[in-house]
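Undergrad: quick one: sequence and predicted model below, then my questions.
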Amino acid sequence: MPQMHNYTYDELTIGQTATYSKRIEARDIQLFAALSGDVNPVHLDPAFAAGTPFKECIAHGMLSGAIISAAIAMELPGPGSIYLAQSLRFRLPVKIGDTITVHLEVTEKKDRRNTVTLDCKVLNQADKLVLTGTAEVMAPTEKLQLPRPALPLVQVEP
């Protein structure tokens, strides 16, 4: 079984980086709509979306934000991290079939609460910047190495 590990606050260094990628499928957008309640037709209705400036369905902006959360939880600092704050600026739409890659970089450490500031950039498969922001995270103080759980199986019905 694959393993996952973290970086403790003491192990983190300014300039340290990590990446995390995910291909966005129609199913991901449907699941996010069901979970969030955001059923804006620009995300779910191809006929409606064809009449927008995007000309096709686009992913929810916060779906990309959720992928940043996954990058923090799974890569840097990893399991045991506590997400405290996030700023986001959406630059380009994410479309069905896009593979987005989150790039995280430690830019600041604050000893008082073991917090780190992460610069967040999300690029699509064409290396175009789709999102920027910063995250504030309380880094774990305990070193962890755990089995990586499988994603839960979820069925989407119209």
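TA: Great, that's in hand. Numbering: from 1, shown residues only.

Undergrad: and the top strand by length along the chain, C-alpha only, in CSV?
TA: Criterion DSSP state E: the longest strand present in the chain is strand 99-110. What follows is strand 99-110, C-alpha atoms only, in CSV (Å, rounded to 0.1, in the frame of the first residue of the first chain):
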residue,chain,number,x,y,z
THR,A,99,-5.0,18.7,-15.7
ILE,A,100,-4.1,21.2,-13.1
THR,A,101,-0.9,21.3,-11.1
VAL,A,102,-0.7,23.1,-7.8
HIS,A,103,2.8,24.5,-7.0
LEU,A,104,3.4,25.3,-3.3
GLU,A,105,6.3,27.2,-1.9
VAL,A,106,7.1,28.0,1.7
THR,A,107,7.6,31.8,1.9
GLU,A,108,7.4,32.5,5.6
LYS,A,109,7.6,30.6,9.0
LYS,A,110,6.2,31.9,12.3
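
Undergrad: buried residues in it?
TA: Of all the residues in strand 99-110, those buried under the rule 16 or more other CB atoms under 10 Å are 100-106. For glycine as for every other residue, the C-beta is placed from the backbone atoms N, C-alpha and C.

Undergrad: who does that strand pair with, and is each partner parallel or antiparallel?
TA: The pairing partners recorded for strand 99-110 under DSSP bridges are strand 17-23 (antiparallel), strand 115-123 (antiparallel).

Undergrad: what about Ala66, how many residues close to it?
TA: 16 (other CB atoms under 10 Å).

Undergrad: what's the helix or strand harbouring it in contact with?
TA: Taking DSSP states H and E as the definition, Ala66 sits inside helix 61-74. For helix 61-74, the surrounding residues in contact (CB atoms under 8 Å, 6 or more residues apart in numbering) are 4, 18-20, 22, 24, 28-29, 32, 36, 38, 79, 81, 83, 86, 88, 90, 94, 100, 102, 104, 118, 120, 122, 130-131, 133, 135, 137.

Undergrad: any idea how far it is from the middle of the chain?
TA: Relative to the chain's own centre, helix 61-74 is displaced by 2 Å; criterion: CA atoms, centre = their mean, to the nearest Å.
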